[in-house]
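Enquirer: Here's a sequence, model it:
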Amino acid sequence: MKFYFTYGLGDPEETGQDYQGGWTEVEAESVWKAVDIYKVFHPSVNSLLPCCGVGLTELQMGKMLTEGNGGKFCHDRIVVTREVTE
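Expert: The predicted structure follows:
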């Protein structure tokens with residue numbers, strides 16, 4: 001499944017978020033795994049400021065996927081693969 005982590009429109013320097021507007025897309029089996037994967041690449045600057053919005057599904061993103069978030073779209077896509085070799 002794909003999960004989307006949105007960014008606010010405030011200045012990234014002040015909000016602690018990596019981007020202004022738009023989102024990051026994460027492919028994972030569940031929203032909980034998506035959050036963990038997201039945090040590896042975009043850690044919070046402190047425990048009080050989240051690094052992004054919650055993991056939304058494609059349905060929850062709705063028109064934002066085609067119209068953007070604050071005029072911005074997908075900044076990065078994170079896909080983690082594991083191959084069992086035994």
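
Enquirer: all helices for this protein, in order.
Expert: Under the criterion DSSP state H, the chain contains helices at 12-15, 31-41, 58-61, 64-67.

Enquirer: Put the alpha carbons of the longest one into CSV.
Expert: What that stands for is helix 31-41. The C-alpha coordinates for helix 31-41 follow below in CSV (Å, rounded to 0.1, in the frame of the first residue of the first chain):
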residue,chain,number,x,y,z
VAL,A,31,0.5,2.6,8.2
TRP,A,32,2.5,1.7,11.3
LYS,A,33,5.4,0.3,9.1
ALA,A,34,5.1,3.3,6.9
VAL,A,35,5.6,5.7,9.8
ASP,A,36,8.6,3.8,11.0
ILE,A,37,10.1,3.8,7.5
TYR,A,38,9.3,7.5,7.0
LYS,A,39,11.1,8.4,10.3
VAL,A,40,14.3,6.7,9.1
PHE,A,41,14.6,9.1,6.2
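
Enquirer: what sits up against it?
Expert: 1, 3, 5, 24, 26-28, 51-52, 54-55, 57, 76, 78, 80 (Cβ atoms under 8 Å, 6 or more residues apart in numbering). Every residue, glycine included, has its C-beta placed from N, CA and C.

Enquirer: Which one of the helices of the chain has the poorest average confidence?
Expert: Looking over these, mean pLDDT reaches its minimum on helix 12-15, with a mean of 80.

Enquirer: Mind listing residues that contact it?
Expert: Gly8, Asp18, Tyr19, Gln20, Leu49.

Enquirer: switch the cut-off to 6 Å
Expert: Gly8, Gln20 (Cβ atoms under 6 Å, 6 or more residues apart in numbering).

Enquirer: returning to that earlier point: highest mean neighbour count out of the helices of the chain?
Expert: Ranked by mean neighbour count, the helices of the chain are led by helix 31-41 with a mean of 16 (mean count of other Cβ atoms under 10 Å).

Enquirer: next one: that one to chain centre, how far?
Expert: How far helix 31-41 lies from its chain's middle: 8 Å, per Cα atoms, centre = their mean, to the nearest Å.
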